[in-house]
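Chemist: Please work out how this folds:
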Amino acid sequence: MNRPRLRRFCQRIRDVRIAWLNVNNALDQLRTTEQLLQHATEAYDLADARYKTGISSIVELSQAQLNLTSAQMANTDARYNVLIQESNLARCTDKNHFHPSHTTGRTRQAARQSVVCKFASFSRLASRSCNTSSSTGFVTKS
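Modeler: Numbering: from 1, shown residues only. Down below sits the predicted model:
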């Protein structure tokens, strides 16, 4: 392999690793916003019940509704961020292989597993070509 080609290859490996980390970060953010949404929903339900019984004011109910709306928006942003980062990872590995917008459920899991396998193959090849560690250090999150 000539030097320019090797550099491009090593850069592609770095791009895939960064994209992989971005996907994992986006998934963590999604899990966090899902918990936030669950707690905000519970808080709203409690505030609504308190307001209906006359224990609290409309201000408390309005604040709970605002918090719920903010949590819903954050969750929606996190969902889109996951799709964007998955698309970026797919672009880094193979444009035509994985399209998150066309997959759901089991199909999406199979597509992700395929991307994980491609990443592992890339890493093994990179460890030989770019003097990188053979272990990626990444953990697949399910």
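Chemist: Quick check: buried residues in stretch 11-23?
Modeler: By neighbour count on 16 or more other C-beta atoms under 10 Å, the buried set for stretch 11-23 is 13, 16-17, 19-20, 22-23. Backbone N, C-alpha and C define where each C-beta goes, glycine included.
Chemist: And stretch 85-98, by the same measure?
Modeler: Buried, per 16+ other C-beta under 10 Å, within stretch 85-98: 85-90, 92-93, 98.
Chemist: Let me have those in CSV, extended by distance to residue 57.
Modeler: Formatted as CSV, the buried residues of stretch 85-98 follow (distance: C-beta to C-beta, whole Å):
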residue, distance to residue 57
85, 42
86, 44
87, 46
88, 46
89, 48
90, 50
92, 52
93, 54
98, 51
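Chemist: Can you name every helix or strand that the helix ranked longest in the chain contacts?
Modeler: Longest helix in the chain, counting residues (DSSP state H): helix 3-53. Where contact means 3 or more C-beta pairs under 8 Å, 6 or more residues apart in numbering; DSSP states H and E, helix 3-53 is packed against helix 58-93, helix 105-129.
Chemist: lowest-confidence stretch among these?
Modeler: Per-stretch mean pLDDT for those is lowest at helix 105-129 (a mean of 53).
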